[in-house]
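> the following comprises the amino acid sequence and a computationally predicted model.
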Amino acid sequence: MNKKPNIILVLEKYAKLVNETIEKHIPRRLNEETIKNFCGKSRFQWDLDALNRTICEPFWDLLDRGGKRWRPALLLIVYEALGGNSKDVIDFAIIPEVIHNGTLIVDDVEDDSEFRRGKPCIHRIYGTDIAINVGNTLYYLPLITIIKDNKLDVKTKIKIYETYIQEMIKLSFGQAMDIAWHKGLSRNVSEEQYMQMCALKTGTLARMAAKIGAILAGAEDEIVEKIGRFAEAIGVAFQIQDDILNIIGEESKYGKEIGGDITEGKRTLMVIYTLRKASPPDRDRLLEILDMHTRNKRLISEAISIMKKYDAINYAKKVSRRLVEEAWNEIDKILPESEAKNALRALAEFLIERDL
C-alpha cells in the first residue's frame, strides 16, 4: 500500500521554492535594470519611486502575509506525476500564484472587505485606485516567465497562452455571476448555478495550474483536459470548504472576517440549500439578513443559526467530498503510480478537510 505523504510538509517545501522564484522574477524593488525586463528600455524617464510604491510594495505586502501556495504546488505535482522533475518548471509555477494574489486584491475591493490574511486589505492600506491597478497588473506580470524563456518551443508556448486566455475569461465570468447574486440581481440561484460559478471563479486557477503542468510535461490534449477537470473539481471543493470556514472557522486561523460572506450577501451552497429546505419564515428571514449586508454580529449569528438548523454545513461537506472522490476516480485511471500521484491525492483531501 502506498504511503500517504504529509501534505503540509509538501506544501511548505514547494512554498519556499515558489516564494524564492517569485522574488527572482518580480523583485521587491524595481531599478533601472530590472524594469527593462517588463517594459523594455525607457524612451523618456521612469518614476521608479512611484512604481515601487504602487506596484511592488502592495504586492509584497500581501505576499509576505503567507498563503498555502497550493496552486503552484498543484502545477509542480502534476508535472512530476507525468514523469517530469519539478525543478525544471519552477519558473512557470509562479503564474497561477501571482494571478491568484491579483484576484484577491480586486475581489476585496469588489466585496468591500476589511481583512485579508489577518491584516487590513490592500485597498484599505493603499487606496482603491492603487489596489485595482496592482491587482490588474498581477494578471499579466507572471507571463514574463513564458515570454522570456528560450527553451520552450513555440507550440508549447501557444498552448500555455491559449490556456491562460481561456481561463482568465472564465474567471471574469464566474466573478460576474457571484457579484450579481450578492447584489441581489438574481433571487433564485440554483445549486447547479452555484457549482458552475465556482467552476469558473475558483476552479479556474486550479485548472490553469494543472493544465499548464500537463502541457509542460508534453501530455496529449485529452490528458491535459482530464487533469484540468480534476483540478477544477478540487477548486470547487476548496471554495465550498472556504464558505464553510467563513461561518464556523477560527478567525485567527482563517485570516478574514468570520461571517463576511453573510455581510456580502453571498449565495453560498449552504445558503442555497437552506433556502430550498427552510420554512417560509426562516427562508424570508435569511434573505432579509443577507440583503442587509450587515456587519452586526448578532444578525450574522442569527443567519448562521438558521443554516445550522437545516444541517446545511454537513450537506456542503458531503457535496465537496463527493465531488473530489468522483474526480479522483477519473484521474486515477490515467496516472501511473508514483509519489507525486500520492501527493496529488493528499492535496485534494487536504483542500476539503482543512481548517484554515
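Right, received. Where do you want to start?

> does the residue of the chain most remote from its centre count as helix, strand or coil?
Distance from the centre of the chain peaks at Phe44, with 38.0 Å (Cα atoms, centre = their mean). At Phe44, secondary structure determined by DSSP: H, G, I helix; E, B strand; the rest coil is coil.

> now the phi/psi pair for it, please.
phi -120, psi -100 (degrees, to the nearest 10).

> before we move on, what about Val189?
In terms of degrees, to the nearest 10, the main-chain angles of Val189 are phi -90, psi 130.

> would you agree it is in contact with Asp178?
No. The criterion here is Cβ atoms under 8 Å, and Val189 misses it with Asp178 at 10.0 Å. Quick note: C-beta positions are derived from backbone N, CA and C, even for glycine.

> which of the two has more residues huddled nearby?
More crowded of Val189 and Asp178, by other Cβ atoms under 10 Å: Asp178, with 24 against 20.

> residue contacts, the more buried one?
Asp178 sits next to Met197, Lys201, Lys266 when contact means Cβ atoms under 8 Å, 6 or more residues apart in numbering.

> mind putting those residues into JSON lines with distance to Lys297 and pLDDT?
As requested, these are exported to JSON lines (distance: Cβ to Cβ, whole Å; pLDDT from 0 to 100):
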{"residue": "Met197", "distance to Lys297": "28", "pLDDT": "94"}
{"residue": "Lys201", "distance to Lys297": "28", "pLDDT": "92"}
{"residue": "Lys266", "distance to Lys297": "17", "pLDDT": "90"}
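
> these in helices, which ones?
Counting by DSSP state H, the contacts of Asp178 place Met197, Lys201 in helices.

> distance to Lys3 added to the contacts of Asp178, as a markdown table?
Listed next are the contacts of Asp178 as a markdown table, based on distance: Cβ to Cβ, whole Å:
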| residue | distance to Lys3 |
| --- | --- |
| Met197 | 37 |
| Lys201 | 35 |
| Lys266 | 39 |
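
> nearest to Val10, of the contacts of Asp178?
Lys201 (25.7 Å; Cβ to Cβ).

> could you measure from the closest one over to Ile234?
From Lys201 across to Ile234, the span is 14 Å (Cβ to Cβ, to the nearest Å).

> neighbour-wise, which of these two wins?
Set Lys201 next to Ile234 and count neighbours by other Cβ under 10 Å: Ile234 wins out with 29 against 23.

> ok, for that one, nearest residue in space, not its chain neighbours?
Residue nearest to Ile234 in three dimensions, not counting chain neighbours: Ala348, with 4.8 Å by Cβ to Cβ, 6 or more residues apart in numbering.

> what sits against Lys297?
Applying Cβ under 8 Å, 6+ apart, the residues contacting Lys297 are Gly259.

> could you report the pLDDT at it?
Note for Lys297: predicted pLDDT of 93.

> right, and Ala348 touches Trp328 too?
Yes. Taking contacts as Cβ under 8 Å, Ala348 lies within contact range of Trp328: 6.2 Å.

> with the contacts of Asp178 in mind, which one is nearest to Val134?
Val134 has its nearest neighbour among the contacts of Asp178 in Lys201, at 20.1 Å by Cβ to Cβ.

> return the set of buried residues in stretch 134-153.
Within stretch 134-153, the residues scored as buried using 16 or more other Cβ atoms under 10 Å are Val134, Gly135, Thr137, Leu138, Tyr139, Leu141, Pro142, Leu143, Ile144, Thr145, Ile146, Leu152.

> the second one contacts Ile99, correct?
No. Distance between Gly135 and Ile99: 9.8 Å, which falls outside the contact criterion (Cβ under 8 Å).

> circling back: burial measure for the residue nearest to Ile234, as a count.
Ala348 is flanked by 24 other residues according to other Cβ under 10 Å.

> dump the residue contacts of it.
Phe230, Ile234, Ala237, Val324, Ala327, Trp328.

> show the pLDDT at the fourth one.
On the pLDDT scale, Val324 is placed at 92.

> the third one now?
The score at Ala237 is 93. That number is its pLDDT.

> likewise Ser338?
Ser338 carries a pLDDT value of 93.

> how many neighbours does the closest residue to it other than its chain neighbours have?
Nearest non-adjacent residue to Ser338, counting by Cβ to Cβ, 6+ apart: Ala81, 6.0 Å away. Residues near Ala81, counting by other Cβ under 10 Å, number 25.

> over to the one 5 residues further on?
As a burial measure, the neighbour count of Ser86 was computed by other Cβ under 10 Å and equals 20.

> likewise for the one 4 residues further on?
Residues near Ile90, counting by other Cβ under 10 Å, number 20.

> which residues touch it?
Neighbour list for Ile90: Leu17, Val18, Thr21, Leu76 [criterion: Cβ under 8 Å, 6+ apart].

> and the pLDDT at it?
Per-residue pLDDT puts Ile90 at 96.

> please identify which helix or strand holds it.
Assigned by DSSP states H and E, Ile90 belongs to helix 90-111.

> show me what counts as buried in that helix.
So, applying 16+ other Cβ under 10 Å, buried residues of helix 90-111: 90-109, 111.

> how about stretch 209-228?
209-217, 219, 223-224, 226-228.

> which outside residues touch it?
Around stretch 209-228, the neighbours that count as contacts under Cβ under 8 Å, 6+ apart are 71-72, 74-79, 82-84, 89, 92-93, 95-96, 152, 156, 159-160, 163, 167, 207, 230-231, 330-331, 334.

> and the closest residue in space to Lys317 that isn't next to it in sequence, what does it touch?
In this structure, Lys317 finds its nearest non-sequential neighbour in Ile244, 6.7 Å apart by Cβ to Cβ, 6+ apart. Applying Cβ under 8 Å, 6+ apart, we find Ile244 in contact with Met270, Ile313, Ala316, Lys317.
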